[in-house]
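Undergrad: Sequence and predicted structure below; questions after.
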Amino acid sequence: MKFAAFLKKNGFVLGLLLALIVSDLLISWWNPMVSSRRFYKNDFTKTLFHHNWSQSGPVFFGNSSVTAAYIEEQSDSHLIEMGLSYGKITDLKEILDRGLYHVQDELVVGIDVHTMLDSLETDPTYPWFKPWYQPYVYTYRDYFRDSGTEFACALYEGLSKQDASRMEACAKFPETLKLSKSDPFAYQPRWIDKELYHNRIDDAALKEKWADYDKRFGWMTLKDFQDNLDALQWVLEYAKAHNLTLRVIWMPWNKGYEQPPYVASLKQTVNAQLEQAHVPVLDLLDHYEPQYFHDLVHLNREDGAPLFTKEVDAWLHSLEKPSKS
């Protein structure tokens, strides 16, 4: 009786709450952060998009240094390039642990001077960062606001025939407004390619970037890498349990500039873990001359990346067991 009275008294509020929950579940099912080009796409989604949404295969994982250096279409190792902007070993652990991607046969992990920084800010839209209990729309509210504003501005321009660019919020979408004159539902598809690094930035910019890295990370010690060291151990055990061939590459650093102070101790610690697990390592940290770089950590697409891809292919092939005749 009391329960019925409670429902009667609070029916509207409960109905509204139910409607919100159902709406969010439906939007989660639609998953526009992945399925709709109206919305921003992170590098994990871009990887899936460029491989026909396949969620399995041999993988070369790392951060943007891997995206910059490894040219998948020129490689004969047939690895899926899964370089993620600000990607870390903790991200790889989440991907594997949650079954978001099923690595098959071979896993190559690229580690550069930033891959294991626990406190390094990363892309908050990676799906493993969303708590299960948090509403979808709330989690990605900034991107809904951006795409929703674009939609409203295009609709206003297209239907009212008024100049929407006079409004500050709409002025950010000039191309959409042009298209909306003939199609009120027009929009500019969000960028679906990963960032590549062309040519070489000048010395002044390199010095400024080095100073920024040194200020942000130069003081760090091994304790600032512990989460990623633990994640690396988890990956080692996962690879063994799933019979994956695991390789690790120390990604290139521009040796025209001093390496971050923490690199020596981090490298020693990581290599000890890898040696204990009998994982082959290719050390390219100070292998390339400055002319092959775009900046401090990204090889340029014109000269550095083709050379890196060729040398990685050769190394991987050298590790292959000879076939029995």
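TA: Sure thing, it's come through.
Undergrad: which residues in the stretch 151-300 of the chain form helices?
TA: Applying DSSP state H, counting those that start in this stretch to the stretch 151-300 of the chain gives helices spanning 174-180, 203-217, 226-241, 263-276.
Undergrad: Could you export these as a markdown table, including mean pLDDT, distance to residue 5 and mean neighbour count?
TA: Any C-beta I mention is one placed from the backbone N, CA and C, and that applies to glycine too. Output for those, formatted as a markdown table (pLDDT from 0 to 100; distance: least, C-beta to C-beta, whole Å; neighbours: other C-beta atoms under 10 Å):
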| stretch | mean pLDDT | distance to residue 5 | mean neighbour count |
| --- | --- | --- | --- |
| helix 174-180 | 92 | 51 | 17 |
| helix 203-217 | 95 | 59 | 13 |
| helix 226-241 | 98 | 51 | 17 |
| helix 263-276 | 97 | 63 | 15 |
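Undergrad: Just checking the distance from the one helix or strand residue 104 maps to to the centre of its chain.
TA: Here residue 104 sits within strand 102-111, counting by DSSP states H and E. Here strand 102-111 is found 15 Å from its chain centre; the criterion is C-alpha atoms, centre = their mean, to the nearest Å.
Undergrad: Counting by contacts, list what the helix or strand following it packs against.
TA: Beyond strand 102-111 on the C-terminal side, the first helix or strand identified by DSSP H and E is helix 136-139. With contacts taken as 3 or more C-beta pairs under 8 Å, 6 or more residues apart in numbering; DSSP states H and E, helix 136-139 sits against helix 11-30.
Undergrad: Just want the angle from the strand holding residue 104 to helix 226-241.
TA: 140 degrees (axes from the mean of the first three to the mean of the last three C-alpha atoms, to 10 degrees).
Undergrad: could you check the angle helix 263-276 makes with strand 102-111?
TA: Using the same axes, to 10 degrees: strand 102-111 against helix 263-276 is 140 degrees.
Undergrad: Now strand 102-111: average pLDDT?
TA: The pLDDT scores in strand 102-111 average 97.
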